[in-house]
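Chemist: just need the structure, nothing else, for what follows:
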Amino acid sequence: MIYRNIFIVLISTFFLSFADVRAQYVDDNIVVAQEGEGIYEILRRNELEPNVHHSPFILINKEKLKGDTLLLPGSTYLLPEKIFTPIPAKAAPERPKSVINPLFGRNYEKIPIIDNRLEGAVYYLVSGHGGPDPGAMGRYGSYMLSEDEYAYDVTLRLARNLISHGATVYMIIQDNTNGIRDESILKLDRTETTISGQALPLNQKDRLQQRVDEVNKLFYKHQGAYQRLIAIHVDSRSQGQNIDVFFYHHDNSESGRKLAQEIHAVFSSKYDRHQPGRDYHGTVSSRSGLYMIRNTLPPIVYIELGNIKNYRDQLRFVISDNRQALANWIELGITNDFKKASDR
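Modeler: Numbering: from 1, shown residues only. Take a look at the predicted model:
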């Protein structure tokens, strides 16, 4: 008699538990099976994970299932709530804390990854001249300064900044013998190549077309992404002419104009802060006649950093902290543009 009573209690407990389970799903979890729909489909349609909820669905609906697993079109079924343990979300791969790139030189090859605020952005950076063409030249005391070396150093610093915030960056002109340098006088050499290792030709048009081809080839690879091209140069004017950093874009490129204006705005605000009382006279204008602006596919901003023959402008180049400041300010304008483009 005692064993019989225990058996009755166990059986009663089982049916009570099953009834309780069914009762949990009656409220707002009734759905109608559609023609040709199976258990996996009806779960997915209602945003439930089949691997988690398949068995509970069968448990609470087995009286209405054909052959234990088939749904009857037009019949109503109860959906299991998400109280069942879900499959944990696949963790995103952990962002590396730093990356190594020897192009930036021994002291700067380790690049800390600060955040991913530029993730999804693709930048092509082109420093002016190089190889057999040093570009503009200016005398600084007993030394000669060359455009290509200083433009390249600022471009490298900019690239490093952008990479540290998650951007994809292509240095179109590279020099594997010179990374970022902190010396005042940057020695002139002819060791620059393109990103694909091509030597730079002496003929100016051939050299420019070579850069255009490198950029446009990569542009098609990233078609659909946010892509921008930054060309960095140093101007040459009369020795007594002190000029501010100024910016060119294609006259038909709204994206190029907006990027130029964002960088220009940063320079204006930085001058107000660091040189109060000195007006900033840098400008933004279109200049579609320039070969790089006219022939490259990504929106482009062409930057002139100053007059290499003017002593005050030379201080913008020969002091390494100033070269880093130029890169930082350009990067800030670039970041502002990407954020606004992403918000649109």
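Chemist: please count neighbours and contacts with C-alpha atoms only from this point.
Modeler: Fine.
Chemist: residue 140: neighbouring residues, count only.
Modeler: 16 (other C-alpha atoms under 10 Å).
Chemist: check contacts around the nearest residue to residue 330 once chain neighbours are set aside.
Modeler: Excluding the flanking residues, the one nearest residue 330 by C-alpha to C-alpha, 6 or more residues apart in numbering is residue 263, at 5.6 Å. Residues near residue 263 by C-alpha atoms under 8 Å, 6 or more residues apart in numbering: 329, 330, 331, 332, 333, 334.
Chemist: okay, and the fifth one sits in which element?
Modeler: The reference is to residue 333. helix 320-343 (DSSP states H and E).
Chemist: hang on, the residue nearest to residue 330 in a helix?
Modeler: Yes: when classified by DSSP: H, G, I helix; E, B strand; the rest coil, residue 263 is found to be part of a helix.
Chemist: now the helices for this protein?
Modeler: Ranges of helices in the chain, per DSSP state H, are 2-23, 39-45, 50-61, 147-164, 204-221, 254-274, 291-295, 311-318, 320-343.
Chemist: what score does the closest residue to residue 310 other than its chain neighbours have for pLDDT?
Modeler: Counting by C-alpha to C-alpha, 6+ apart, residue 310 lies nearest to residue 239, which is 4.7 Å off, once chain neighbours are set aside. What the model reports for residue 239 is a pLDDT of 90.
Chemist: contacting residues for residue 239?
Modeler: Applying C-alpha under 8 Å, 6+ apart to residue 239 gives the contacts 307, 309, 310, 311.
Chemist: domain map for the protein?
Modeler: With domains defined by automatic domain parsing, the chain comprises 2-78, 98-343.
Chemist: most tightly packed of those?
Modeler: Across the domains of the chain, averaging neighbours per residue (mean count of other C-alpha atoms under 10 Å) puts domain 98-343 on top, at a mean of 18.
Chemist: if we can go back for a sec, so can I have CSV of the helices of the chain showing distance to residue 173?
Modeler: Output for the helices of the chain, formatted as CSV (distance: least, C-alpha to C-alpha, whole Å):
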stretch, distance to residue 173
helix 2-23, 68
helix 39-45, 51
helix 50-61, 51
helix 147-164, 8
helix 204-221, 8
helix 254-274, 21
helix 291-295, 14
helix 311-318, 19
helix 320-343, 17
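Chemist: want to throw these into CSV with distance to residue 98 and mean pLDDT?
Modeler: Formatted as CSV, the helices of the chain follow (distance: least, C-alpha to C-alpha, whole Å; pLDDT from 0 to 100):
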stretch, distance to residue 98, mean pLDDT
helix 2-23, 51, 37
helix 39-45, 40, 84
helix 50-61, 37, 80
helix 147-164, 8, 98
helix 204-221, 25, 97
helix 254-274, 27, 93
helix 291-295, 33, 97
helix 311-318, 28, 96
helix 320-343, 19, 96
